[in-house]
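Asker: Just to be clear, the model below is a prediction. Sequence and coordinates:
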Amino acid sequence: MTRAQMLRFFQTYAVLILIVALMVTLSVLSDSFLTLRNLLNILNQNAPLAIMASAMTLVIIVGGFDLSVGAIFAVGSVTSAWIALHIDPYLGLLLAPLIGLVLGVVNGMVITRLNVHSFLATIATSLIFKGVAIVISDGRLISVRIDSYIWLGRGKFLGVFNSIWIMVTFALVLTFLLTRTTFGRRIFSVGGNEEAAILSGIRTHRIKIATFALAGLAAGLASIITTSRVALGQASAGQGMELQAIAAVILGGTSIYGGQGAVWRSLAGVFLLALINNGFNILNADPFFRDLTTGLVILAAIGVSAIGQARR
Amino acid sequence: MTQAALTARGITVRFGDVEVLSGIDVEIAAGSIHGLIGENGAGKSTLGKVLGGYYQASSGSLAVFGQGIGRWDPPTALGHGVAIMHQELQLVPHLTVAENVFMGLEEHRWGVLRRNEAERLEDVMQSSGLRLDPHALTVELPIADQQKIEILRALAREAQVIIMDEPTSSLSSEEIEQLHRIMARLRDEGRTVIYVSHFLDHVLEVCDRITVLRDGRHVLTERSAGLTKQDLVSAMLGIQRTETLYPPKRKAVSELALSVRNLKGNGVDVEALDIRAGEIMGLIGLVGSGRSEIARAIIGADRATGEISFLGRRLDHTIRAATEAGIVMVPEDRRRQGLVMSMPVRANIILPHLRRFARFGVMATRRERRRARELIDRFSVRPAIVDGDVSRYSGGNQQKVLLAKWLEGDPKLVILDEPSRGVDVGARETIHAAICELAASGSAVLLISSEIEEVLGLAHRAWLVDRGRLVQEIDPDAVSENEILAALFRHQSLEGVST
């Protein structure tokens, strides 16, 4: 391999290399790390974030950012719990993702109609959504201890948590959309060169709205997993998840300038962040260093991809 | 002859694999106004930017007042007293006139500004005779005044040589005269002005000496006193030009394809334009004449009013409607408007035709690849890789990819904006052949090009364009390049009188 090829390889697989390195280190340092139980637990705990990061990938490829998914998560959490408690548990599980989808469409409409950057638009809508969640829940926790509600977050199918099945299915569907369909091709073209996409007859506004709708749907889906797991709907749920999701996407190596990226990368990004956390727990390391370490790892991953980029 | 302010020896500039300037030797006398002229793409702006340190020459040497220099970038140039004024002004809109003039030269005490720029500006204005309100906000001034800020900025840095790149392109005729007086005054103070322009009258009026460039080469440098406009035109065009061979014109004209009436908007004012199927219609005009804007208005990329009918049906002013009716535009700016650089060759070619290569929204990958392969072969794209990284392709090959993209799918009207700009000779011939083939197959073509020769060689009919209007129809087989250029400048000066 030439130097350039090596850099390219490193750039493409930086996140996987870091994951392997971390897994080896943790396996050596602790017996309780490399067990099926621990690994499944990590996946289970991070499934909601992974779902949100998967959809965030599409938003970032199309050239946007969605800072409102944490707030949509909160709306999903309280509406789902409220409906489950007062109307029907299954309806609660079903409606939250749809509500997320609608809020995502709202985001997309605001961005395309007002022609503002998604960063600004979603800062504003996130406050609005958050406010809605507080109003709906009346500022209180909504406890839903109903078996026909909590099965989703706590139950297993074929010995594996439901949440993991949902996460894997969702990520596969998005991957298929992105790599095999005309919709995916249009996402790449809008993010890569919007002007060229417009001149190619692509309705770029629709494409943007659709990606934000998917991000909203993902946030709603993630919210029911968490809400049914903890049996509690709360307006403060999902706080900060938008930044974690964005960090995971970028950590995976998807370009923040749009036009490039993959869903698997974001899953890897989530998993890497989760491993760091898990490592601190397993090793009983001083949690004061957790943020510091996470930040350094993100910086390292970004640095590697930036070096690769500069060589192009 | 007086001392040379700037001496260029063997300046060559390459952008990628295109040579924009080849071995330019030129001497700019101190205390003179020196004009740099040439056709669009002749390299006059590039040379101006090299002299000002904005571009690096690939090879060759520069000397300032007889002193050879190594490193040459804008700060170094300024240090040697050479300032460049860009065509797009480089000002901070929300600072005042005085703050812009002294940007980077602010006097301060331990980092705290003394805020005395306005007083210091008075001194500079006094000596130069330029007057502006030092406290006015830049953004609120007309362009002509903003240009004065740039000149003052150069003077504040005690620049001896000021390079002005197309400074008059957005000025009224009165403002142009004012600028010319300022130039003369600067010269009389012993400074040197390099005036890059494509307005021959302006250059003849004010310059002491004129350098003509053609195709990146130096043609002549002479005192303007002995030169006429006709001399300049023939020097710009060249007596013996390397002949490009054009395919024979076949005219299988049939029914009316495009009919445009009273199209207005964004600097466009087209009374009537008709193109028949199988016909190549050319638009000829100087840079900034509104050729591309006319094209953008026709396909609905810019807002416009008026009537566009295509193959007998009225067309809405949207890109979507145009695309669906079979109208496509191959834009001038490949990087910005044409190609998606992050996608491979294959995906770029197929982009407008996604629906035909998909079933229920799922891409038919094998069919897509096969078609892309055929088109790559047909247009001899090099390297001929279906998944090639288009951002690394040469200009000519990028243009071929773009043509493949648009000629796939049987368009009924193709608008080509500068199809062979920055493209080498071989690629140019491929592109010309493709254009003729396209017309022969019954498609209408609207060809926009700065290269008059190209339009004459390819088009069946052509219009001269000036300020967004079609001013004169010409028969490409009956007029010479010379006559056209003369006509263009005549229309331009007619306009100058009436405004």
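Answerer: Done, it's in.
Asker: From the chain's centroid, how far away is stretch A:94-101?
Answerer: Relative to its chain's centre, stretch A:94-101 lies at 16 Å (CA atoms, centre = their mean, to the nearest Å).
Asker: how about the residues of chain A that lie near chain B?
Answerer: Counting by CB under 8 Å from any CB of the partner chain, the residues of chain A close to chain B are A:180-186, A:188-189, A:191-193, A:195-203, A:255, A:259-260. From N, CA and C alone the C-beta is placed, and that goes for glycine too.
Asker: Next one: the spatially most central residue of chain A relative to chain B, how far apart?
Answerer: By CA atoms, centre = their mean, chain A has its centre lying nearest to A:Ala53, at 1.9 Å. For A:Ala53, the distance to chain B (CB to the nearest CB, to the nearest Å) stands at 21 Å.
Asker: For the host helix or strand of that residue, the averaged confidence score.
Answerer: Using DSSP states H and E, A:Ala53 falls within helix A:36-61. Averaged over helix A:36-61, pLDDT sits at 95.
Asker: Now find how far off-centre it is within its chain.
Answerer: The answer for helix A:36-61 is 6 Å, by CA atoms, centre = their mean.
Asker: what's the answer for stretch A:275-284, then?
Answerer: On CA atoms, centre = their mean, the centre of stretch A:275-284 falls 21 Å from the chain's centre.
Asker: same deal with stretch B:393-411?
Answerer: That offset, for stretch B:393-411, works out to 21 Å (CA atoms, centre = their mean).
Asker: go on, stretch A:248-267?
Answerer: For stretch A:248-267 - counting by CA atoms, centre = their mean - the centre lies 11 Å from the chain centre.
Asker: what are the ranges of the helices in the stretch 1-150 of chain B?
Answerer: B:44-51, B:74-79, B:97-101, B:117-128, B:143-156 (DSSP state H, counting those that start in this stretch).
Asker: Okay, and A:Arg186 sits in which element?
Answerer: helix A:182-192.
Asker: how about the nearest residue to the residue of the stretch 151-300 of chain B found nearest chain A, chain neighbours excluded?
Answerer: Closest approach between the stretch 151-300 of chain B and chain A, counting by CB to the nearest CB: B:Ile299, at 8.0 Å. Distance criterion CB to CB, 6 or more residues apart in numbering or on different chains; nearest residue to B:Ile299, sequence neighbours excluded, is B:Ala322 at 4.4 Å.
Asker: Only the buried subset of the residues of chain A next to chain B, as a PyMOL command please.
Answerer: Applying 16 or more other CB atoms under 10 Å in any protein chain shown to those, the buried members can be selected in PyMOL as follows:
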select buried, chain A and resi 180+181+182+183+184+185+186+188+189+191+192+193+195+196+197+198+199+200+201+202+255+259+260
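Asker: Name the residues of chain B found near chain A, please.
Answerer: Within chain B, the positions near chain A by CB under 8 Å from any CB are B:301, B:319-320, B:323-324, B:329, B:331, B:336-343, B:347, B:350-352, B:354-355, B:358, B:361-363, B:365, B:405.
Asker: Now, those residues that are in strands?
Answerer: Of those, the ones assigned to strands by DSSP state E are B:329, B:358, B:362-363.
Asker: most surrounded residue in these?
Answerer: Greatest neighbour count in those, by other CB atoms under 10 Å in any protein chain shown, goes to B:Met329: 27 neighbours.
Asker: Give me the distance between the closest residue to that one other than its chain neighbours and A:Asn41.
Answerer: Sequence neighbours aside, B:Ile415 is the residue nearest to B:Met329 in space, at 4.2 Å (criterion: CB to CB, 6+ apart). According to CB to CB, to the nearest Å, B:Ile415 and A:Asn41 sit 60 Å apart.
Asker: quick one: which of those two has more around it?
Answerer: More crowded of B:Ile415 and A:Asn41, by other CB under 10 Å: B:Ile415, with 28 against 14.
Asker: Assign that one to helix, strand or coil.
Answerer: For B:Ile415, the assignment made with DSSP: H, G, I helix; E, B strand; the rest coil gives strand.
Asker: if I pick residue 301, what's in contact with it?
Answerer: Going with chain A. Applying CB atoms under 8 Å, 6 or more residues apart in numbering or on different chains to A:Ala301 gives the contacts A:14-15, A:18, A:251, A:253, A:272.
Asker: Actually, chain B is the one I wanted.
Answerer: A:198-199, B:319, B:329.
Asker: Among the ones in strands among the residues of chain B next to chain A, which one sits closest to B:Ala486?
Answerer: B:Met329 (30.1 Å; CB to CB).
Asker: That closest one touches B:Ile299, doesn't it?
Answerer: Yes - using CB atoms under 8 Å, B:Met329 is in contact with B:Ile299, at 4.9 Å.
Asker: Mutual contacts of these two, please.
Answerer: Common neighbours of B:Met329 and B:Ile299 (CB under 8 Å, 6+ apart) are B:Ile415.
Asker: follow-up on the earlier one: can you tell me which residues contact the residue nearest to the centre of chain A?
Answerer: Contacts of A:Ala53 (CB under 8 Å, 6+ apart): A:244-245, A:248-249, A:266-267, A:269-270.
Asker: Save those residues as a markdown table, and put in pLDDT and secondary structure too.
Answerer: Listed next are the contacts of A:Ala53 as a markdown table, based on pLDDT from 0 to 100; DSSP: H, G, I helix; E, B strand; the rest coil:
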| residue | pLDDT | secondary structure |
| --- | --- | --- |
| A:Gln244 | 93 | helix |
| A:Ala245 | 96 | helix |
| A:Ala248 | 94 | helix |
| A:Val249 | 94 | helix |
| A:Ser266 | 96 | helix |
| A:Leu267 | 96 | helix |
| A:Gly269 | 94 | helix |
| A:Val270 | 96 | helix |
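Asker: Filter the residues you listed down to the buried ones, ChimeraX style.
Answerer: Entered in ChimeraX, the line below selects the buried ones among those, by 16+ other CB under 10 Å:
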select /A:244,245,248,249,266,267,269,270
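Asker: Of all pairs in the contacts of A:Ala53, which one is the farthest apart?
Answerer: Most distant of those, by CB to CB, are A:Gln244 and A:Leu267, 13.3 Å apart.
Asker: Between the contacts of A:Ala53, which sits nearest chain B?
Answerer: A:Val249 (16.1 Å).
Asker: Fine by me, thanks again.
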